[in-house]
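In: predicted model and sequence follow; I will ask about them next.
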Amino acid sequence: MAIERTLSIIKPDATRRNLTGKINAKFEDAGLRIVAQKRIHLSPAQAGKFYEVHKDRPFYGELVEFMASEPVVVQVLEGENAIAKNREVMGATNPANADAGTIRKEFALSVGENSVHGSDAPETAKEEIAFFFSGLELVG
Ligand SMILES: Nc1ncnc2c1ncn2[C@@H]1O[C@H](COP(=O)(O)OP(=O)(O)OP(=O)(O)O)[C@@H](O)[C@H]1O
């Protein structure tokens, strides 16, 4: 299995509760290396652009408002099978359905305020990493 990179976001509900370290420990324990990371406060326009794929979903407005409400930590995770591995560590979108030990089971507040985002496929990972990080910020 090839080494992959994926884009992760620690969402406002988690940064607000100082959970960045605990969430990062879950990634590292699963063999995912944090190769880039920064704390930013998205504008509503930037959050709207990032989640454009969901613009016709009923929760789009709520999602954009939430993601722009407070700072987030955006990061690039690297490892074998990193995209699928990260989604496994995150758990199901709705914490009520997430497996024990996953980030969302332990920390998420609701289906909307669910603590983390992770890319879902190689093509989206590439686009999402480029959305937040320049080549200079990424060690080869
Ligand atoms: N029913 C809902 N009500 C409110 N917010 C929702 C709902 N469903 C999804 N969301 C929000 O939109 C995000 C994107 O939804 P999606 O169905 O793509 O989930 P996901 O792939 O698990 O999450 P992500 O794309 O953040 O990794 C979710 O992570 C969640 O924050």
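Out: Great, that's in hand. Note that the structure is a prediction, hence the values are computed from the model and not measured.

In: for this protein, which residues are neighbours of the ligand?
Out: 54, 59, 62, 63, 93, 111, 112, 114, 117, 118, 120 (Cβ under 6 Å from any ligand atom). (C-beta placed from N, C-alpha, C; glycine too.)

In: any idea how far the third one is from residue 78?
Out: Distance from residue 62 to residue 78, counting by Cβ to Cβ, to the nearest Å: 32 Å.

In: ditto for the last one
Out: As judged by Cβ to Cβ, residue 120 and residue 78 stand 17 Å apart.

In: with the first one instead?
Out: From residue 54 across to residue 78, the span is 26 Å (Cβ to Cβ).

In: more crowded one of these two?
Out: Of the pair residue 54 and residue 78, residue 78 is the one with more neighbours under other Cβ atoms under 10 Å, namely 17 against 13.

In: tell me the SS of residue 38?
Out: strand (DSSP: H, G, I helix; E, B strand; the rest coil).

In: and the closest residue to it other than its chain neighbours, what element?
Out: Nearest residue to residue 38, sequence neighbours excluded (Cβ to Cβ, 6 or more residues apart in numbering): residue 74, at 6.0 Å. Using DSSP states H and E, residue 74 sits in strand 72-80.

In: contacting residues for residue 105?
Out: Counting by Cβ atoms under 8 Å, 6 or more residues apart in numbering, residue 105 touches 91, 95, 98, 99.

In: would you map the helices across this protein?
Out: 12-16, 20-29, 44-50, 60-67, 82-90, 103-107, 122-132 (DSSP state H).

In: relative to residue 4, which of these is closest?
Out: helix 82-90 (4.1 Å; Cβ to Cβ).

In: which secondary structure elements does the strand holding residue 74 sit against?
Out: strand 3-10, helix 12-16, strand 33-40 (3 or more Cβ pairs under 8 Å, 6 or more residues apart in numbering; DSSP states H and E).

In: so which bits of that strand are buried?
Out: Judged by neighbour count using 16 or more other Cβ atoms under 10 Å, the buried positions of strand 72-80 are 72, 73, 74, 75, 76, 77, 78, 79.

In: how much space between the second one and residue 54?
Out: In this view, residue 73 and residue 54 are 21 Å apart by Cβ to Cβ.
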